[in-house]
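**Q** Got a predicted structure plus its sequence, pasted below:
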Amino acid sequence: MANPFAVEQKVYEQFPNDEFIDVTLLAYFTADLPPGPLADTNDVVPCTKFLFGGYVKGEDGKPKCDATGKPIIVRKWTNWMRISNNKKANMMKTFNGFDNLFDILQDCESSNGKLWTTPYKILLEESGEYQNIIKIKPGTNEALVKEVFYDDQYIPYKVVKAYGKTQLLTLAGCKFKSGVKTFTPDMMAEPASEG
């Protein structure tokens, strides 16, 4: 008789630490989050996070593939960052390889906008049991921009977890094979109810 509690452990590929990896932008979320502990006011803070995707290379230098021979796409989110062009802000420190980051961010709704057509490189470091993206700079692998997309069926939920609390998203953008789509809260999915 089979053990009803036996669960197959799925192992997910992840990017290596301590080296720059070629990626493309797959999505961004924005939300008004509570101020940090050192804030002067209780005003909410406009914040964003970015999802990058790319391939993990095998020992032969080629992308690792699944059982069907299709390259495995690995995805990684940045941490939440305050939307700020202050050079001391985390967003500017993370995207420190860009001369004018806000020039790239301006056209976030068009598939031809620089945000989506720019190849990127990310650097990750291990932080306990997690990985964090600590640096983002311009990349050179333009093929990834045309090969790696978010699943066309994906619709973001209206709420996300941030800083241990449930927060409402204000906007989300996703790069699909059919093009970039911007989601406002009324277009987003309701979270599944627990119970």
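**A** Yep, that arrived.
**Q** Enumerate the beta-bridge partners assigned to the residue lying closest to residue 90 once chain neighbours are set aside.
**A** Excluding its sequence neighbours, the residue lying closest to residue 90 (C-beta to C-beta, 6 or more residues apart in numbering) is residue 81, at 4.9 Å. Yep, even glycine has a C-beta here, placed from its N, CA and C like the rest. Going by DSSP bridges, residue 81 is paired in beta bridges with residue 48.
**Q** Residue 49 and residue 57, how far apart?
**A** Applying C-beta to C-beta, to the nearest Å, the value for residue 49 to residue 57 is 25 Å.
**Q** repeat for residue 159
**A** From residue 159 to residue 57 the distance is 36 Å (C-beta to C-beta).
**Q** more crowded one of residue 49 and residue 57?
**A** residue 49 (17 against 14; other C-beta atoms under 10 Å).
**Q** what's the pLDDT at that one?
**A** You'll see residue 49 listed with a pLDDT of 95.
**Q** what's near enough to touch it?
**A** 28-29, 77-81 (C-beta atoms under 8 Å, 6 or more residues apart in numbering).
**Q** Residue 132 versus the one residue sitting closest to the centre of the chain, what's the distance?
**A** The residue lying closest to the centre of the chain (C-alpha atoms, centre = their mean) is residue 51, at 1.1 Å. To residue 132, residue 51 is 14 Å away according to C-beta to C-beta.
**Q** Pairing partners for the longest strand seen in the chain, with directions?
**A** Ranked by residue count and defined by DSSP state E, the top strand of the chain is strand 20-33. Applying DSSP bridges to the sheet, strand 20-33 is found paired with strand 45-55 (antiparallel), strand 120-127 (antiparallel), strand 165-176 (antiparallel).
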